[in-house]
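Undergrad: I'll drop the sequence and a predicted model, then ask my questions.
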Amino acid sequence: MTAKLIDGRGLGLRVRQQVAAEVAARTARGQPPPGLGVVLVGEDPASTTYVRLKTAACAEAGFYSIQRNMPATASQEEILAEVEALNRDPAIHGILVQLPLPAGIDEEAVTRAIDPAKDADGLHPENVAALAMGQPQVLPCTPAGVMEMLHDEGVAISGREAVVVGRSNIVGRPMARLLLQEDATVTVCHSRTADLGAITRRADILVVAVGRPQLITGDMVKPGATVIDVGMNRLPPAEPGGRGKLVGDVDRDSVEPVAGLLTPVPGGVGPMTIAMLLRNTLLLRNTLKAAQVTS
Ligand code: NAP
């Protein structure tokens, strides 16, 4: 068997085109465009690239966007002040603070400062609690993108064994909750899990979000399983000054002959995260507008 590769680039583009079409229709009716405010602190190369891709996708979809670049030396108070300014800005419907923040900044306090009604990443405790209680409002972008891929591929979820490797607040935990929400039997693995392979081999759906290059090998995968590789890891460059290869947490060479469906890296989950950010911001704009009309 050779796994079919899930084309995250193609699906991400389709989602962005749907969002762009809705924005165009609404702006043609005289409504202001959705607005996304992005806060980037410091110059981490990966974060800078993600923010550039996100703001470019916003522009392409007809969004209004503001990008606040702050130096790595910015204080917690300065960052909170930026978030507050975006909370108050009526042209901004979604706010994203690019994580990770520099050492010494309390990420949780910054996330809490975002108005939950403008929480484009779905990471505010109010939105996390809503998801945990089975009443999701705005969903974290990466796990939402994974669910979109599973739906688009027609993967059966209800009653199937799903294993999520990784329990971060950004990916692993919300991923497990979303799979549970759709009636999968979910197991979450982490760094203390004993005999990881014995558990991953049970999975009909295996989602890996660890940040360890090629951790999951073919012998850890059930034949025919759907394998979603969230990991994005840069290998050391072959030559000094070169750029290392981008790989996932799944060893593609050994997993591709075993799995039924597999997301490539790059071109899998990454483009979906950006597409879901746009969809979230549009949703927040529409719900915010509705709340303003009814209040
Ligand atoms: P994270 O916050 O560092 O969490 C990593 C998780 O993996 C932790 O729960 C950790 O367990 C677990 N873990 C570490 N070593 C393990 C091992 N040997 N076996 C089993 N579990 C292990 O990472 P994250 O933010 O979730 O990101 C994970 C990966 O996804 C990274 O490569 C990141 O770049 C990528 N990512 C990609 C996208 C995208 O759009 N494609 C978005 C977000 C993240 P403990 O909890 O026990 O420490």
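TA: Everything's here; your move.
Undergrad: contacts and neighbour counts: CA atoms only from here.
TA: OK.
Undergrad: So which residues of this protein form helices?
TA: Counting by DSSP state H, one finds helices in the chain at the ranges 8-28, 45-60, 76-88, 107-113, 125-132, 141-152, 172-181, 196-200, 252-255, 269-294.
Undergrad: For the most centrally placed residue in the chain, give me its contacts.
TA: Geometric centre of the chain, nearest residue: Thr142, 1.9 Å, by Cα atoms, centre = their mean. Residues in contact with Thr142 (Cα atoms under 8 Å, 6 or more residues apart in numbering) are Ile170, Val171, Val269, Gly270, Met272, Thr273, Met276.
Undergrad: For the third one, grab the count of nearby residues.
TA: It stands for Val269. Using other Cα atoms under 10 Å, Val269 has 27 other residues around it.
Undergrad: got the contact list for it?
TA: Gly8, Thr142, Gly145, Val146, Ile228, Asp229, Val230, Thr263 are the contacts of Val269 under Cα under 8 Å, 6+ apart.
Undergrad: Could you report the separation of it from the ligand?
TA: Going from Val269 to the ligand by Cα to the nearest ligand atom, to the nearest Å gives 5 Å.
Undergrad: The first one now?
TA: Applying Cα to the nearest ligand atom, the value for Ile170 to the ligand is 6 Å.
Undergrad: so how many other residues sit close to that residue?
TA: Neighbours of Ile170 under the rule other Cα under 10 Å: 18.
Undergrad: I figured it hits Pro125, correct?
TA: No: in this structure, Ile170 is not within contact of Pro125 by Cα atoms under 8 Å, at 11.8 Å.
Undergrad: that older thread, farthest pair within the contacts of Val269?
TA: Thr142 and Thr263 (13.3 Å; Cα to Cα).
Undergrad: Give me the buried stretch members for stretch 3-15, please.
TA: Buried residues in stretch 3-15, defined by neighbour count with 16 or more other Cα atoms under 10 Å: Ala3, Lys4, Leu5, Ile6, Asp7, Gly8, Arg9, Leu11, Gly12, Leu13, Val15.
Undergrad: for stretch 191-203, that is, sorry about that
TA: Those would be Gly197, Ile199, Thr200, Arg201, Arg202, Ala203, for stretch 191-203 by 16+ other Cα under 10 Å.
Undergrad: Spatially, what comes nearest to the fifth one if we skip its sequence neighbours?
TA: Across the structure, with Cα to Cα, 6 or more residues apart in numbering as the measure, the residue nearest Arg202 apart from its sequence neighbours is Lys222 (6.3 Å).
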